[in-house]
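Undergrad: Below is the sequence, then the predicted model.
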Amino acid sequence: MKPIKVNNTTQEVSIGSKAHQYWQYRGYEKYFKLLRPGLKIPKNLNYNNVNQIVKLYNLRGVTFGNWLNNEDRLNYLHAMFIAFYDMNKVLKFGYNIGINKNLTVCFGDRGIPGSLAHYNAASLVININRFERGTQEDKEIRFLTTGGIHSFAHEYGHFLDFFAGSVLEPQKAHFSCSGGHSIRRSKMGYNSPMREQFDIILDKIIFANGKLSAYYQNLLKKNLTEYWFRRTELFARAFEVYIANELNQIGIKNKFLTKPQYEQFTYISTQQLQSVLPNFRKLISLIRKKIQK
């Protein structure tokens, strides 16, 4: 029997059960060749046991909401396993995606109505909202196209931002390295290595050649709410583009991690990414060194 943790309790899903067979013999073809084309999972990695996945990626835990049946839980669990496997190729954290058992991932649990996914900085939890219920479309389509399934890289960007700012390079005035919900355009100005890279990344996103960047000016023209200008959101949207770019360079497209959820103008362009790419790589290197000590 293989345990799956649900709302801090343990339920058993046996290998060979109907739910497991569905994923192994039908669900894989239906779901994951679309989510992650060309996937080849090493045979020595066990992705059917939630406890082993939690241990492999150094997570605090994984929880599932009551509206998810065992089939749904397995599908989300395996999608997460594959997403982390791919993201680790970019971050090179040595599978330490949860950064020393600090991160919890919730599927269809602790969600916020109206959101697809969100990060709770106080509890270090990423929530991915479940797929839509009660529509005429096949479940496979709803699983692949609704809920928060494309948002993980964005939320993980928030996790790195707030974890770095509160634990790795703490500063009392700002819980995150980016500046959090602040919409200020100037640098935060804290003299520490990680925060400096956050400042540079955001400065290059907001400005170009001494004036507001074309990207930022376009956001202003759209008469958007302040949410879209928050420094933490600017960073997270750019982090999505960074992860997608780095995976694309090695021939990987993982739709669980990244797929634009908003209109294209809300994301930095490929050209603008090139200006911040060295800083993203340096930032990830700094975090990698810090968490490996």
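TA: Perfect, thanks for sending it.

Undergrad: Run through the strands of the stretch 51-200 of the chain in chain order.
TA: Applying DSSP state E, counting those that start in this stretch to the stretch 51-200 of the chain gives strands spanning 61-64, 104-107, 117-120, 125-128.

Undergrad: Can you read off the pLDDT for the closest residue to K139 other than its chain neighbours?
TA: Spatial nearest neighbour of K139, excluding adjacent residues (CB to CB, 6 or more residues apart in numbering): F131 at 7.6 Å. C-beta: built from backbone N, CA, C; applies to glycine. pLDDT, F131: 85.

Undergrad: go on, A173?
TA: Value for A173, per-residue pLDDT: 86.

Undergrad: same question, Y267
TA: On the pLDDT scale, Y267 gets 96.

Undergrad: With T145 instead?
TA: 81.

Undergrad: Ok, F32 next?
TA: Here the pLDDT value assigned to F32 is 70.

Undergrad: count of neighbours near the nearest residue to it once chain neighbours are set aside?
TA: Spatial nearest neighbour of F32, excluding adjacent residues (CB to CB, 6+ apart): L39 at 6.2 Å. By other CB atoms under 10 Å, 14 other residues sit near L39.

Undergrad: now swap in Q197 and tell me
TA: So Q197, with other CB under 10 Å, has 23 neighbours.

Undergrad: which residues of this protein score low on pLDDT?
TA: Applying pLDDT under 70 to the chain flags residues 1-31, 41-48, 110-114, 134-137, 293.

Undergrad: returning to what we had before: did I read that right, the residue nearest to F32 in a helix?
TA: No. Under DSSP: H, G, I helix; E, B strand; the rest coil, L39 falls outside any helix and is assigned coil.

Undergrad: that older thread, would you turn the strands of the stretch 51-200 of the chain into TSV with distance to I200 and mean neighbour count?
TA: Formatted as TSV, these follow (distance: least, CB to CB, whole Å; neighbours: other CB atoms under 10 Å):
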stretch	distance to I200	mean neighbour count
strand 61-64	34	22
strand 104-107	30	25
strand 117-120	23	20
strand 125-128	26	23
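
Undergrad: Can you spell out the domain ranges of this protein, please?
TA: Per automatic domain parsing, the structural domains of the chain span 2-149, 160-291.

Undergrad: I'd like to know which of the strands of the stretch 51-200 of the chain lies nearest to G165.
TA: With CB to CB as the measure, strand 117-120 is the member of the strands of the stretch 51-200 of the chain nearest G165 (12.8 Å).

Undergrad: same for that closest one, what does it pack against?
TA: When contacts are defined as 3 or more CB pairs under 8 Å, 6 or more residues apart in numbering; DSSP states H and E, strand 117-120 sits against strand 125-128, helix 152-163.
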